[in-house]
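Visitor: Give the three-dimensional model of this entry:
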Amino acid sequence: MPTVPRRGLVALAVAALLGTAACGGTEAPPASAPSASAQEAWSWTDDRGKKISLPARPERVVAQSASAAALWDFGVRPVAVFGPHRLKDGGRDPEVGEVDIAAVESIGNTWGEFNVEKFISVRPDLLVSGMYLKDSLWYVPEESADAIEQVAPTLGVLLGGKKLTEVIERYAGLAAALGADLNAAPVAEAKSRFEAASAQLRESAAARPGLKVMVVTATPDNLYVAYLPDHPDLAYFKELGLDVVSPASPTESEGGFWEVLSWENADKYEADVILVDARAQSMKAGEMAKKPTWSELPAVKAGQVYPWRAAERYSYLGYAKVLEELKTNVDSAKDDVVG
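Guide: A predicted model of the protein is given here:
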């Protein structure tokens, strides 16, 4: 008996689900994308080098929560999201930004959770996700990738190893291609706010040239120190004059982004200020306080530990808020806590 190739099995499963959706499955919510004409053929080459060609501009966009948040700020209204968007108490996860989570469908909320049947039911035209690694769509499970691609084309926006402003402008360009008006007052105001916040942080950094800042995330077993070249936000902080401590190279097993330290070596780098990953999956500063080597770090003893908004959406509004918060913390920090 001949076997059906894996892609054939995926096609059969998708066809069955499409049939179910067509026969009275969950009704898709109305699209709320911008109202400009979408009848002309549409194309976009994403950051994998993949060209997406459609007979009309995509109206029904499904996006990973951080991408959804960025697009939302530029005026695009996705019909569904996946990735962190709803907290345990029902509130909005910071990663999803200003997205109205009551107005969009949920395809999945945690890592590895992606409901293909629900994805089909919203009749998507396009899926958008960020990529920390060039060919890996964030929060898209590898085992579901074939099925997802057969329902709607996927589009990846590369995040790692690029300038912050380049990533923001890439989302802005995509939003415009999806029909958003980049001259709309909220978008223009957010850009002006971002530019002002950048200038103000530059002034604060210049006033404290000796202030050293380290950025970390942590697990019970290890402390991870951010490798600056792979993080667009940290590279931008450096560009504005902040002295961000960075390892010479990342730990090879991490594929970039981090140097992994045992807790015994948590004091490898000196810093006046430590920014701690604010994402839910990272250890909180209170939990890290149980580690003796953490508690002895000069920045910790000085009370100069602040949040790092690692999951912030790549929009002018998102990073205006980040820069404003960082300026406040830099202005309040002493720059002489390490020798």
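
Visitor: give me every residue that touches S136.
Guide: Applying C-beta atoms under 8 Å, 6 or more residues apart in numbering to S136 gives no contacts. (Each C-beta comes from the backbone N, C-alpha and C, glycine too.)

Visitor: For it, give me the pLDDT.
Guide: For S136, the pLDDT comes out at 92.

Visitor: again with P94
Guide: 89.

Visitor: I figured it was touching A311, is that so?
Guide: Yes - counting by C-beta atoms under 8 Å, P94 does reach A311; the two are 6.7 Å apart.

Visitor: Touching both of the two, which residues are there?
Guide: Joint contacts of P94 and A311 (C-beta under 8 Å, 6+ apart) are A278.

Visitor: Compute the first-to-last residue distance for stretch 294-312.
Guide: End-to-end span of stretch 294-312 (C-alpha to C-alpha, to the nearest Å): 25 Å.

Visitor: Show me what the mean pLDDT comes to for that stretch.
Guide: 96.

Visitor: Show me which residues of the longest helix belonging to the chain are buried.
Guide: Secondary structure of the chain per DSSP state H: the longest helix is helix 185-207. By neighbour count on 16 or more other C-beta atoms under 10 Å, the buried set for helix 185-207 is 187, 190-191, 193-194, 197-198, 200-202, 204-205.

Visitor: helices and strands around it, which ones?
Guide: Of the remaining helices and strands, those touching helix 185-207 by 3 or more C-beta pairs under 8 Å, 6 or more residues apart in numbering; DSSP states H and E are helix 65-73, helix 316-332.

Visitor: Which residues outside the shortest one are in contact with it?
Guide: Helix 65-73 is touched from outside by 61, 63, 78, 81-85, 93, 95-99, 104, 128-130, 138-139, 157, 168, 171, 174-175, 178, 180, 186-187, 190, 311-318, with contacts defined as C-beta under 8 Å, 6+ apart.

Visitor: Take these and keep only those in strands.
Guide: Among these, the ones falling in strands (DSSP state E) are 61, 63, 81-82, 128-130, 157.

Visitor: Between these, which sits nearest T251?
Guide: Of all these, the one sitting nearest T251 is G130; the distance, using C-beta to C-beta, is 22.1 Å.

Visitor: Now the phi/psi pair for W308, please.
Guide: Backbone torsions of W308, given as degrees, to the nearest 10, read phi -110, psi 120.

Visitor: That one pairs with what?
Guide: D277 (DSSP bridges).

Visitor: quick revisit: next one: the longest helix of the chain to chain centre, how far?
Guide: 20 Å (C-alpha atoms, centre = their mean, to the nearest Å).

Visitor: What's the first helix or strand after that helix?
Guide: strand 212-218 (DSSP states H and E).

Visitor: Just the CA coordinates for that following strand, please, in CSV.
Guide: Output of strand 212-218 as CSV, limited to C-alpha atoms (Å, rounded to 0.1, in the frame of the first residue of the first chain):
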residue,chain,number,x,y,z
LYS,A,212,27.5,51.3,32.6
VAL,A,213,24.3,49.4,31.8
MET,A,214,24.0,45.6,31.6
VAL,A,215,20.9,43.9,30.1
VAL,A,216,20.0,40.4,31.3
THR,A,217,17.4,37.6,31.4
ALA,A,218,17.6,34.7,33.7
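
Visitor: Can you list the buried residues in it?
Guide: So, applying 16+ other C-beta under 10 Å, buried residues of strand 212-218: 212-218.

Visitor: thinking again about what came up before, looking at the helices and strands packed on helix 185-207, which is nearest to G255?
Guide: helix 65-73 (18.9 Å).

Visitor: Measure how that closest one sits relative to helix 185-207, angle-wise.
Guide: Counting by axes from the mean of the first three to the mean of the last three C-alpha atoms, to 10 degrees, helix 65-73 lies at 120 degrees to helix 185-207.

Visitor: ok so, going back, ok, of the buried residues of helix 185-207, which one's closest to K134?
Guide: For those, the minimum distance to K134 (C-beta to C-beta) is 26.4 Å, reached by F194.
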